[in-house]
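**Q** here's my sequence, what's the structure:
(chains A and B)
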Amino acid sequence: MSSTRTTPPSPAGTGRSVRRPGDRVFAGTAKGAGILILVILAGVAAFLVVEAVPALTAPAEDIPGDRGLAGYIAPLVFGTLLAAVIALLVATPLAVAIALFIAYYAPRRMAQGLGYLVDLLAAIPSIVYGFWGIFWLAPKLVPFYEWLERRLGFIPLFAGPASTTGRTMLTAGLVLAVMILPIVSAISREVFLQVPSLHREAALALGATRWEMIRMAVLPYGRSGVIGGSMLGLGRALGETMAVAIVLSVSGGITFNLISSGNPSTIAANIALEFPESSGIDINTLIASGLALFVITLAVNMLARAIVNRRADFSGAN
Amino acid sequence: MSQISTASVATGGSAPSGPRRSERTGRLPNWALWACFAGAAVVVGALWPVFDLNIALFVLYTVVLGTLAVYLLTRTTEGSRRATDRLVTCLVVSAFGLAMVPLVSLVWEVVSRGAARLDGEFFSSSLVGIVGEGGGAYHAIMGTLIITALTTLISVPIGLMTAIFLVEYARGRLKRAITFMVDVMTGIPSIVAGLFAYALFAIFLGPGIRLGIMGAIALSVLMIPVVVRSAEEVLKLVPNELREASYALGVPKWRTIVKVVIPTAIAGLGTGVTLAIARVVGETAPLLITLGITNATNVNAFDSRMATLPVYAYYQLTQPGVPPQFATDRAWTAALVLIILVMGLNVVARFISRFFAPKSGR
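**A** Numbers count the residues shown, from 1 in each chain, chains lettered A, B, ... in the order given. Below you'll find the predicted structure:
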């Protein structure tokens, strides 16, 4: 795909010599659409800033919780990052293993179908994940959390008391992990399949086992792709709304205790839960928190894209 | 699922696997590896009464024990390198099996709980005057269809023209900037898109506003980058010879694009648009804050609140009223309809790409 060169100089040359009105209109429309994308993105930032300004300038006691905007947003940012990091820690190794399975272990004829099965996970709407998380996953995890509290309670992460509903930060993180699994594994798979077969065959010819071939040829080549893919997954996990809003039982502020019923909310889930019932300055506060989320995900995504694109340049040189 | 052929050799790519196969079966027979897992299953099964296991723990212990047995057996007969190789194979296959657990359990849960209310009334009546039993999601389904159609109407022209611009016209910094921004736009959280649409309308029409068109605009922010990316990929695949042949005949560039490039890529474009629709049709968060919810049927996207299927499912689940059973049932059925819709669109997309693919030799 990347090897097809699509905009050779010749058509542009003819276009410049003969400018027909139809050409001009069409090219203008196409360019306009392209620029509109930039305008939309700038508009998203601008309108959010405009609506967030009243909250930024409001006195601390007008903000819900009476601790000012920073005091309101800080636990939310913490919850957002915590849930996303749990999701990332669980999903990345699993996604890499799945990508390896589909690329190098599964029978060739089944590989595409199995890959499609994993991609199906990405097609399921996030609200359905929420339903699944609260009705299926959370109750099933309660005994596990009780076990964690009993045996590993000395670790602050599992201090408990274990939630009796299972609607904990760890559950939310696991649901998010399932949701970002397909994107991380899809990008890893793509990179793994691009490993030059000469590298792989050279490793095999030297007598490497399949795992040694993967360790020596595939993983070094695919490393930046895996990192970029998992950061895209991180971006997705940071912004995921409905699943967390439904699954997570929210109360209290910043805590590292993953298995109790008192958890900080996430920015996105908090907006979804509070927005329909809010008015006035509360809405501005929520939009300000949304702006914070926008900035965080923008930074993560830009970094991820930069990493993925750098790899694309690198592989193009081969 | 997790006990799949540890020994069946299936290397990826074009690497010939002949020599490795004979080497492997020459040392440890296939059945020995299967026997490890069978033995593990028997041992764990025997311990079932002692440790009060359930089916999940049974599978977990069996896989762990079987993997351990395979590792130790291979290590004693074939050495540590082969043992590590087998261990990784077991881990990788188990990882795939583990990923299938959520998919299977989710589909099973939604189908078994949602099937109860999958009846005529669900598709033909709204929630007006419904307390408790009965009622349906006619209004929400109509809302979802209208909002999705509006979103498609906004997104496809913009997305398609942007893709054409990127592939056929743009070069240099503007192209790089747009490509990068489209990539960044795919990462915008859906709730932020909803907030954007709200902020946009709140500035001009006052706070507290809820309109169907706001939801369509919010979803467009999410859908446009998906359309651009997929259309761009497809347009790049159109062979350059076709364009050059058209130019050689004196056809203007824009007619070349409309009459040659787009018809050649139409299957891929159709697939991309269908998948993009599938992506936004289940979006809940932006609609929750831009459309709100209502119990009555509203088909005017420019007037007051509208119900949509995902938001309907959310409110039926979280605010069921008393007794909660009926609303919860409706919520699960809405989730089931949503899944059927999304899966159906995915199948249609595959169908389009398979049966309307261009007939060129590429």
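**Q** can you pull the buried residues of stretch A:281-289?
**A** For stretch A:281-289, a neighbour-count test (16 or more other Cβ atoms under 10 Å in any protein chain shown) marks A:282-289 as buried. The C-beta positions use only the backbone N, C-alpha and C, and glycine is treated the same way.
**Q** hmm, I typed the wrong one, I wanted stretch A:43-55.
**A** Buried residues in stretch A:43-55 (16+ other Cβ under 10 Å): A:44, A:47-48, A:51-52, A:54-55.
**Q** ditto for stretch B:145-165
**A** B:146-148, B:150-152, B:154-156, B:158-165.
**Q** returning to that earlier point: restrict the buried residues of stretch A:43-55 to contacts with chain B.
**A** When contact is defined as Cβ under 8 Å from any Cβ of the partner chain, the buried residues of stretch A:43-55 meet chain B at A:44, A:47-48, A:51.
**Q** spatially central residue for chain A, please.
**A** A:Arg236 (2.1 Å; Cα atoms, centre = their mean).
**Q** enumerate every residue touching B:Ile178.
**A** Counting by Cβ atoms under 8 Å, 6 or more residues apart in numbering or on different chains, B:Ile178 makes contact with A:34-35, A:37-38, B:162, B:165-166, B:170.
**Q** sorry, back to before: excluding chain neighbours, what is closest to the residue nearest to the centre of chain A?
**A** With Cβ to Cβ, 6 or more residues apart in numbering or on different chains as the criterion, A:Arg236 has its nearest non-adjacent residue at 5.1 Å, and that residue is A:Ile180.
**Q** cool, A:Gly173 as well?
**A** Leaving aside its chain neighbours, A:Gly173 sits nearest to A:Ile86 (2.8 Å; criterion: Cβ to Cβ, 6+ apart).
**Q** what parts of the stretch 251-362 of chain B come near chain A?
**A** B:252-258, B:278-279, B:281-285, B:288-289, B:292, B:310, B:313-314, B:317-318, B:331-332, B:335, B:338-339, B:342-343, B:346.
**Q** tally of neighbours for A:Pro156?
**A** Counted with other Cβ atoms under 10 Å in any protein chain shown, residues neighbouring A:Pro156 total 10.
**Q** is it true that it touches A:Leu258?
**A** No: look at A:Pro156 against A:Leu258 with Cβ atoms under 8 Å: they stay out of range, at 9.3 Å.
**Q** residue 301: how many residues sit nearby?
**A** Using chain A here. The number of residues near A:Asn301, taken as other Cβ under 10 Å, comes to 24.
**Q** chain B was what I was after
**A** By other Cβ under 10 Å, the burial measure for B:Ala301, its neighbour count, is 19.
**Q** most centrally placed residue in chain B?
**A** B:Arg279 (6.6 Å).
**Q** remind me which residues of the stretch 251-362 of chain B are low pLDDT?
**A** Counting by pLDDT under 70, the low-confidence segments of the stretch 251-362 of chain B come to B:357-362.
**Q** helices of that one, start to end?
**A** Counting by DSSP state H, counting those that start in this stretch, the stretch 251-362 of chain B has helices at residues B:253-256, B:262-281, B:285-290, B:309-318, B:325-355.
**Q** out of these, deepest packed?
**A** helix B:285-290 (a mean of 30; mean count of other Cβ atoms under 10 Å in any protein chain shown).
**Q** before we move on, the earlier item: OK, contacts around the residue nearest to A:Arg236?
**A** A:87-88, A:91, A:95, A:233-234, A:236-237.
**Q** turn the residues you listed into TSV, columns for pLDDT, distance to A:Val218 and secondary structure.
**A** Below are the contacts of A:Ile180 laid out as TSV (pLDDT from 0 to 100; distance: Cβ to Cβ, whole Å; DSSP: H, G, I helix; E, B strand; the rest coil):
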residue	pLDDT	distance to A:Val218	secondary structure
A:Ala87	94	25	helix
A:Leu88	93	21	helix
A:Ala91	94	19	helix
A:Ala95	93	15	helix
A:Gly233	90	20	helix
A:Leu234	90	23	helix
A:Arg236	88	25	helix
A:Ala237	91	26	helix
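**Q** quick one on the thing from earlier: what is the nearest of the buried residues of stretch A:281-289 to chain B?
**A** Closest approach between the buried residues of stretch A:281-289 and chain B, by Cβ to the nearest Cβ: A:Ile287, at 5.5 Å.
**Q** A strand includes that closest one, no?
**A** No: according to DSSP: H, G, I helix; E, B strand; the rest coil, A:Ile287 belongs to no strand; its state is helix.
**Q** give the full set of residues in contact with it.
**A** For A:Ile287, the contact set (Cβ under 8 Å, 6+ apart) comprises A:48, A:51-52, A:55, B:195, B:198-199.
**Q** columns secondary structure on top of these, output as TSV?
**A** Shown next, in TSV, are these (three-state DSSP):
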residue	secondary structure
A:Leu48	helix
A:Glu51	helix
A:Ala52	helix
A:Ala55	helix
B:Leu195	helix
B:Tyr198	helix
B:Ala199	helix
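**Q** nearest residue to the closest residue to chain A within the stretch 51-200 of chain B in space, please, no chain neighbours.
**A** As assessed by Cβ to the nearest Cβ, chain A sits closest to B:Pro189 within the stretch 51-200 of chain B, at 2.3 Å. Closest residue to B:Pro189 apart from its sequence neighbours, by Cβ to Cβ, 6+ apart: A:Gly239 at 2.3 Å.
**Q** shouldn't the one you found be in contact with A:Leu298?
**A** No: counting by Cβ under 8 Å, A:Gly239 stays clear of A:Leu298, with 10.4 Å between them.
**Q** contacting residues around stretch B:266-280?
**A** So stretch B:266-280 is contacted by A:123, B:148, B:151-152, B:155-156, B:159-160, B:219, B:222-223, B:226-227, B:229-231, B:233-234, B:237, B:262, B:341-342, B:345-346, B:348-350, B:352-353, B:355-358 (Cβ under 8 Å, 6+ apart).
**Q** now with 7 Å, please.
**A** For stretch B:266-280, the surrounding residues in contact (Cβ atoms under 7 Å, 6 or more residues apart in numbering or on different chains) are A:123, B:148, B:151-152, B:156, B:219, B:222-223, B:226-227, B:230-231, B:234, B:237, B:342, B:345-346, B:348-349, B:352-353, B:356-358.
**Q** for the stretch 201-318 of chain A, which residues are neighbours of chain B?
**A** A:201, A:204, A:209-212, A:232, A:235, A:238-239, A:241-242, A:268, A:271-272, A:275-276, A:279, A:283, A:287, A:290, A:293-294, A:297-298, A:301-302, A:305 (Cβ under 7 Å from any Cβ of the partner chain).
**Q** list the contacts of the residue of the stretch 251-362 of chain B found nearest chain A.
**A** Ranking the residues of the stretch 251-362 of chain B by distance to chain A (Cβ to the nearest Cβ) places B:Gly282 first, at 2.6 Å. Listed by Cβ under 7 Å, 6+ apart, the contact set of B:Gly282 reads A:125, A:127, B:310, B:338, B:342.
**Q** would you reformat the residues you listed as JSON lines and include distance to A:Val226?
**A** Formatted as JSON lines, those follow (distance: Cβ to Cβ, whole Å):
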{"residue": "A:Pro125", "distance to A:Val226": "27"}
{"residue": "A:Ile127", "distance to A:Val226": "29"}
{"residue": "B:Pro310", "distance to A:Val226": "32"}
{"residue": "B:Leu338", "distance to A:Val226": "32"}
{"residue": "B:Val342", "distance to A:Val226": "28"}
